[in-house]
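1. Let me see the structure of the following:
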Amino acid sequence: MNIDTYHTTDIAVVGAGHAGVEAALAAARLGMNTVLFTLSLDAIANLPCNPSIGGTGKGHLVYEIDALGGEMGRAADAVTLQSRTLNVGKGAAVRSKRVQADRRLYHQIIKQTLEKQPNLRIVQAEIVDLITEQEGESRRITGVITKLGEKWSCRAAILCTGTYLGGRVFVGDVNYPSGPDGFLAAAGLTDALQRLGLTLMRFKTGTPARVRRDSIDYSALELQPGETDGLPYCADTDENYLDDLDQIPCHIVYTNAQTHRIIRDNITRSAMYSGAIHGTGPRYCPSIEDKLTRFPDKERHQLFVEPMGRHTEEMYIQGFSTSLPTDVQTAMLHSLDGFENAEIMRYAYAIEYDCIDPTQLRGTLELKSIRGLYGAGQFNGTSGYEEAAAQGLVAGINAVLALRGEDPLLLERSGSYIGTLIDDLVTKGTHEPYRMMTSRSEYRLLLRQDNADLRLTPLGRRVGLIDDARYAAFTERKEQIDREIRRLESTHLSPAAANAYLLPNGESAVPSGVSLADLLRRPALSYGGLAEIDPERPVLSRRVCLTVEVTVKYDGYIKREIAEVERHRKLEVKRLPDDIDYLHLKGLRIEAAQKLDKLRPMTVGQASRISGVNPADISVLLIYLGLK
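-> Now for the predicted structure:
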């Protein structure tokens, strides 16, 4: 008797890292029968590198994920060990939240969330092949095959393979097939992707050693306490969630001349410099040997000693990533002040993995050549948990919208960092693991952390991931912000009252009446400080107060950026037909025609950002579309 091994689902998600988690939850919450495949149930939502969520630019992504209805921010709030806001001495646009996360608790919370989610099934299995059928000039995904021979038919699939795809770990002259943290690598899918004609790349990343907590002498380290007034990522989390949290401090230590000598004396034993590693590493998170090579005159490098959780002795040494052999790792660790007797619990390693050239993707994260097949996370050439989660959420949403026959979710650069991330990937590609930074956006004053919900929650509501209660709370917050800004603009003080406040605070006097908003626009004054001359001020949440202050204080700059957005909007919203024959479009230069034919941008705005496409070429496209 033959046993039928063919199963059926709407959407198959391959990989249960941060991209896969968001993709699967979004698809299931939007009503699709979804299966999430993972090499190991114990690797779900693993944090194989930094035990943290957020950081410069990355914190913005977490707020945006939450605003759209994703899960990362909610879980990060629940597992916070320490919270800090980076760049507090700089403008509001670049301030970014970062939390130390309890690594195992994060895995447990996300795993339980997945297990309890209706319409979602989790299966421990390796996907080794894809089933496609010809559909016109392209192909369509119709199923996936596991290593055990099971076939799952599906209407869409999302590949979120992380660093597992063709994974190989390197420590000195030792290397072997492996995924991160000792989990199995995904060995079979690379060949299937190549058979389908996809262009693959080989990237690499790495991680530092984990050190036993009580083997470190903390008296020799700089203390780095957490903040007490930071706001949570998730709009549903109590904004005072840090009040009763017993935050675990981090510490700072520095490399020294002895550390550098040990590394330089053994540099040829590093897998990076011996020629064993061929993948391209992350520019903005280099190994310690790479730092010494790139910055030979720097006398020391800052390292951060971070907890891995409340119930583990493991400590993470951020900035000390390496692929040097174990004896060198021990020697260079012992050269650090306070680490003379430190015990390594897990050795550092580098890992190579396969990913695709992301210019093969549409702005929806669907592959241009295979309908219904999406990519997200490090599979698309990015680095970081937050970048992965953001892409997974968008891919999951768009897979559902496509199956429903509805318009896709296309996030604009001017509206979100997620939109910037995806636009960069699909129009420019990447030759190294892509990392989000605030400097990547030309509209960063508009894309602040504090207004992520104002920008994106209506979109999350439109696609169906924001429920009634959440949307009602959002609407009330938005109305409170608008009312308070109007009140500040319309509330005026007499010169006497204003100057009685200004002069003692070192501010210049005003000759006539002035509004509270005008006072707030003075760089040295704050919304909180003005409370003493503002007796009619309503009681508002800290979230509302922050957005009010930033909106009023930066009003002129914000209006300038909005005007810039409007000037470019015409190009951003003009869709390009999928069937344009660029190679025979009269007036296009050969280079532009070839680039456009290869990348197939979805909008004129995307086309304008492709290297090799100039303003004259854009004019040709606009004439073709009858817009000029």
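2. so what's residue 621 up against?
-> Residues counted as contacts of residue 621 (C-beta atoms under 8 Å, 6 or more residues apart in numbering) are 576, 585, 588, 604, 607. Quick note: C-beta positions are derived from backbone N, CA and C, even for glycine.
3. now residue 526
-> Residue 526 sits in contact with 520, 549, where contact means C-beta under 8 Å, 6+ apart.
4. Quick check: residue 117 touching residue 29?
-> Yes: Residue 117 is within contact range of residue 29, at 7.1 Å (criterion: C-beta atoms under 8 Å).
5. higher neighbour count, the two?
-> More neighbours surround residue 29 than the other of residue 117 and residue 29, with 23 against 18 (other C-beta atoms under 10 Å).
6. ok, the closest residue to the more buried one other than its chain neighbours - contacts?
-> Distance criterion C-beta to C-beta, 6 or more residues apart in numbering; nearest residue to residue 29, sequence neighbours excluded, is residue 465 at 6.0 Å. Counting by C-beta under 8 Å, 6+ apart, residue 465 touches 26, 29-30, 68-70, 397.
7. before we move on, what about residue 412?
-> Applying C-beta under 8 Å, 6+ apart, the residues contacting residue 412 are 419, 572, 605.
8. In CSV: the residues you listed, plus distance to residue 460 and pLDDT.
-> Shown next, in CSV, are these (distance: C-beta to C-beta, whole Å; pLDDT from 0 to 100):
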residue, distance to residue 460, pLDDT
419, 14, 96
572, 20, 81
605, 23, 86
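9. Relative to residue 512, which of those is nearest.
-> Nearest to residue 512 among those, counting by C-beta to C-beta, is residue 572 at 42.9 Å.
10. Might you report the residue contacts of the closest one?
-> Contacts of residue 572 (C-beta under 8 Å, 6+ apart): 412-414, 603-605.
11. distance of it from residue 423?
-> 10 Å (C-beta to C-beta, to the nearest Å).
12. what's the overlap in contacts for these two?
-> With C-beta under 8 Å, 6+ apart as the test, residue 572 and residue 423 both reach residue 413.
13. quick revisit: out of the contacts of residue 412, which are inside helices?
-> Members of the contacts of residue 412 lying in helices (criterion: DSSP state H): 419, 572, 605.
14. which ones are touching the first one?
-> This points to residue 419. 410-413.
15. Please, which helix or strand holds the residue of the chain positioned farthest from its centre?
-> For the chain, the C-alpha farthest from the mean C-alpha position belongs to residue 496; by C-alpha atoms, centre = their mean, that distance is 50.0 Å. Per DSSP states H and E, residue 496 falls inside helix 495-502.
16. buried set for that helix?
-> Using 16 or more other C-beta atoms under 10 Å as the test for burial, helix 495-502 gives 498-499, 501-502.
17. show me the contacts for residue 213.
-> Applying C-beta under 8 Å, 6+ apart, we find residue 213 in contact with 307, 313-315.
18. Can you classify residue 283 as helix, strand or coil?
-> Assigned with DSSP: H, G, I helix; E, B strand; the rest coil, residue 283 falls in the coil class.
19. can you count the residues close to the closest residue to it other than its chain neighbours?
-> Sequence neighbours aside, residue 432 is the residue nearest to residue 283 in space, at 5.4 Å (criterion: C-beta to C-beta, 6+ apart). Neighbours of residue 432 under the rule other C-beta under 10 Å: 16.
20. Against residue 183, how distant is residue 40?
-> Residue 40 sits 5 Å away from residue 183, going by C-beta to C-beta.
21. Looking at those two, which has the bigger crowd around it?
-> Each of residue 40 and residue 183 has its neighbours counted (other C-beta under 10 Å); residue 183 has more, 19 against 15.
22. for the stretch 151-300 of the chain, what spans make up the strands?
-> For the stretch 151-300 of the chain, the strands defined by DSSP state E, counting those that start in this stretch occupy 151-153, 156-159, 168-171, 174-177, 200-207, 210-212, 222-224, 250-254.
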